[in-house]
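Q: sequence and computational prediction follow.
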Amino acid sequence: MLLSRFSTPERPGQDSIALRRLAEGLVLLATLVVFSGTVDFGFVYDDHVQIVLNPFLRTWHFVGRYFTRDVWSQSGRGQGSSYYRPLFLLWLRLNYWLFHLKPTGWHVTAVLLHVGVTWLVYRLAARLLRDAWKAAWVAALFGLNPIHLEAVAWVSGVTDPLTAIFLLSAFLAYLQFRQGLAGKWRWAVGSWLLFALGLLTKETAVTFPLIVAAYDGLLGSSSPATEQPRRLEPTQSPLARSRAKTWWTRWRSAFFAAAPYLLLSLAYLLLRVWIFGSITGPTRPRPWRLTLFTLPTVLWSYLRLLIWPSPLSIYYDMPWIHHPSFRQFWLPLLGLALVAIALAWWSWRRPVVGWAGLWILVFLAPVLDLALLPSDNLVQDRYLYLPSLGFSMLLVELLASLFPRRSNPARLSRVASGVATLILMAYATTTLAQSTYWANDTLLYYHAVQVAPDSPNAKTALGTAMMADKHYRKAINLFRAAIAEAPDFSYPWDDLAYLYYQTGDYRQAVACAEQFLRLSPDMPDGYYLLGISEYQLGHARRAAEVLGYAASLKPHAYGFHYALGLALLKEGHRRRALLEFEAEPRQSTQWAAAQKQIALLTRTSSGSLRPAP
């Protein structure tokens, strides 16, 4: 395997290999132990639709469609998404094949994946910092960071660790290629293939070529054939670093180093155009000024979560900023500017700091296009999974600078090691404490409401959990509270309509579904819910009209054609009803009922069973 030969440049006379391996092993063991509590958790959040109700995970027969559809096509309802992640779906299929719907196995593989990423972080940090002990601190800070709970404790959040496995491996293989040893082109090809796999796992991988270019431009001052392991002294001037190459030569070399990855990114974007019809896929355009005014607050929130990841939540109070006030725009913008100036000054003296800072920004950049994100969910913990590697490196470098070791300034002193140990203890304690909220939906959403009391999304989510537990009055109160806080927020109306439909109050279901559609007129689910509610009220003609429109918006949706067939059958349109029953997707849970109707219509000349949808 490619990974088995990754080496860590070390200087002669360093501590024994056995001690370094012990430190590495302790970091991985600590990461495993701290996150092992999540293996007893169930499926939460989007896991129910993405895994439990996903018919395309049941057999290998559907693997081909993973590469031609968006990641949410399996739901069969609603508008398509812009997420193209075939290898993520393949990972889910593999887990289903191994564990079926027993969540313990799924959580075990997620934890092991995170431990694997932590090991790769150690290998990369050792290469860049030229010190195995510093690398161990970086890996420990990364592995135990509470910010990773969303990506590890939530099964469907595994996209980020899975992407990290491919991208870190690709970068390590690239570093092997740069050494210019025998067989270097095998490492180059391996790096390109690993990057391609990362692209097929999550969209954020598309910015990886910038990481390669930044390495060559900032750190790769020697040619591949003559690159020797060396530790860059913090006092070394930029002029001394660039004697071998001028600024122009280094960055031109950086461009050529990144060129193969750029070509792969271009091919990936063309693939997205072929599948979605555009690079971004379905989006809801928003005024650019709205994104501009909101971006500083979003960035400052991510910086705050990196510095101290507590309290964490699946939702945060993060409203859109419509006017650039001092507190919500100018103050965070000033803070970000000061951080950027400090990093620029520091990276002038220590280029690896600049590279770590760019690592954070490059992998955070794709989610800073706020127009592509849900309007009520602008900040997510999992988006910091890869950026936190750069932050861990910066933190270790900061400790080394603040508390230098006289005999070896590049190594952590006892004081710096003590501070790092305290941070690790705080990380581990916080991770253990906050992981409990991921045990089930009720705990997860209740905690979200505590952290983000002004978030209508948090209240709506908790309402759905209450509805699943049949606490209908509590659910209604939560939905109404979300509506009162955000009258234009449509989803509480959809959930209310479904609740009333479940409890048999079809008139209220119709009223809520109509309000949902006034706010979101392009949502097929709303028309489906309105149609089946009208059907239950005996309004077959109205139901047929609404369900026909829903099916025209989403021809392959599950249940739509079956419900339309029942409405047409009640109206006496037997031939049209038969066509709708036959059009019901074979993977739908309603297909068995549709088959019964087909059999009845083909065997009898009059009358039919007409069960409710």
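A: Arrived safely. Residues are numbered from 1 along each chain as shown.
Q: for the closest residue to Glu203 other than its chain neighbours, the count of nearby residues, please.
A: In space, and not counting its chain neighbours, Glu203 is closest to Pro366: 6.2 Å by Cβ to Cβ, 6 or more residues apart in numbering. Yep, even glycine has a C-beta here, placed from its N, CA and C like the rest. The number of residues packed around Pro366, counting by other Cβ atoms under 10 Å, is 15.
Q: where do the strands sit along the stretch 451-600 of the chain?
A: Using DSSP state E, counting those that start in this stretch, no strands are assigned anywhere in the stretch 451-600 of the chain.
Q: just for it, where's the confidence low?
A: For the stretch 451-600 of the chain, applying pLDDT under 70 flags no range at all.
Q: now for the chain, the helix or strand with the poorest mean pLDDT.
A: helix 238-241 (a mean of 45; mean pLDDT, DSSP states H and E).
Q: check which element follows it along the chain.
A: Downstream of helix 238-241, the next assigned helix or strand under DSSP states H and E is helix 247-276.
Q: may I see the buried residues of that following helix?
A: Under the neighbour-count criterion of 16 or more other Cβ atoms under 10 Å, helix 247-276 has 250, 253-254, 257-258, 260-262, 264-265, 268-269, 272, 276 buried.
Q: which SSE is Ala213 in?
A: Ala213 belongs to helix 208-218, assigned by DSSP H and E.
Q: now for that helix, which elements pack on it?
A: If you count contacts as 3 or more Cβ pairs under 8 Å, 6 or more residues apart in numbering; DSSP states H and E, helix 208-218 packs onto helix 159-178, helix 247-276, helix 351-364.
Q: residues in contact with the last one?
A: If I follow you right, that is helix 351-364. 128-129, 204, 207-208, 210-211, 214-215, 218-219, 232, 238, 241, 302, 306, 343-344, 346-348, 383-384, 386-387, 389-391, 393-394, 397 (Cβ atoms under 8 Å, 6 or more residues apart in numbering).
Q: what's the burial count for the nearest residue to Leu89 once chain neighbours are set aside?
A: With Cβ to Cβ, 6+ apart as the criterion, Leu89 has its nearest non-adjacent residue at 4.2 Å, and that residue is Tyr66. Close neighbours of Tyr66, defined as other Cβ under 10 Å, add up to 22.
Q: same thing with the one 3 residues further on?
A: Using other Cβ under 10 Å, Arg69 has 20 neighbouring residues.
Q: give me the pLDDT value at it.
A: According to the per-residue confidence, Arg69 scores 85 in pLDDT.
Q: and the closest residue to it other than its chain neighbours, what's its pLDDT?
A: Among residues not flanking Arg69 along the chain, Ile275 sits closest, at 7.5 Å (Cβ to Cβ, 6+ apart). Turning to Ile275, the model gives it a pLDDT of 84.
Q: follow-up on the earlier one: SS state for the residue nearest to Glu203?
A: Following DSSP: H, G, I helix; E, B strand; the rest coil, the label given to Pro366 is helix.
Q: of the contacts of helix 351-364, just the buried ones, ChimeraX syntax please.
A: The following ChimeraX line selects those of these that are buried, judged by 16+ other Cβ under 10 Å:
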select :128,129,204,207,208,210,211,214,215,218,219,232,241,302,306,343,346,347,383,384,386,387,389,390,391,393,394,397
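Q: tell me where the model's unsure across this protein.
A: In the chain (pLDDT under 70), the answer is 1-16, 74-80, 221-248, 281-285, 375, 407-411, 605-613.
Q: run the last query once more with 50
A: The chain contains residues with pLDDT under 50 at 1-14, 77-78, 222-244, 607-612.
Q: domain ranges for it?
A: Structural domains annotated on the chain: 18-285+354-368+386-434, 548-613, as defined by automatic domain parsing.
Q: run the chain-centre distance for the first one.
A: In this case it means domain 18-285+354-368+386-434. Distance, stretch centre to chain centre, for domain 18-285+354-368+386-434: 12 Å (Cα atoms, centre = their mean, to the nearest Å).
Q: quick one: the helices in the stretch 401-550 of the chain?
A: Applying DSSP state H, counting those that start in this stretch to the stretch 401-550 of the chain gives helices spanning 414-435, 441-451, 456-468, 472-485, 491-502, 506-519, 524-536, 540-553.
Q: so which of those is nearest Trp154?
A: helix 441-451 (8.6 Å; Cβ to Cβ).
Q: give me the angle between the closest one and helix 472-485.
A: Put simply, helix 441-451 runs at 30 degrees to helix 472-485, going by axes from the mean of the first three to the mean of the last three Cα atoms, to 10 degrees.
Q: got the angle between helix 441-451 and helix 456-468?
A: 150 degrees.
Q: would you mark the buried spots in helix 441-451?
A: Result for helix 441-451 [16+ other Cβ under 10 Å]: buried residues 441-442, 444-449, 451.
Q: same check, this time on stretch 513-528
A: Neighbour-count burial for stretch 513-528 [16+ other Cβ under 10 Å]: 513, 515-517, 519-520, 523-528.
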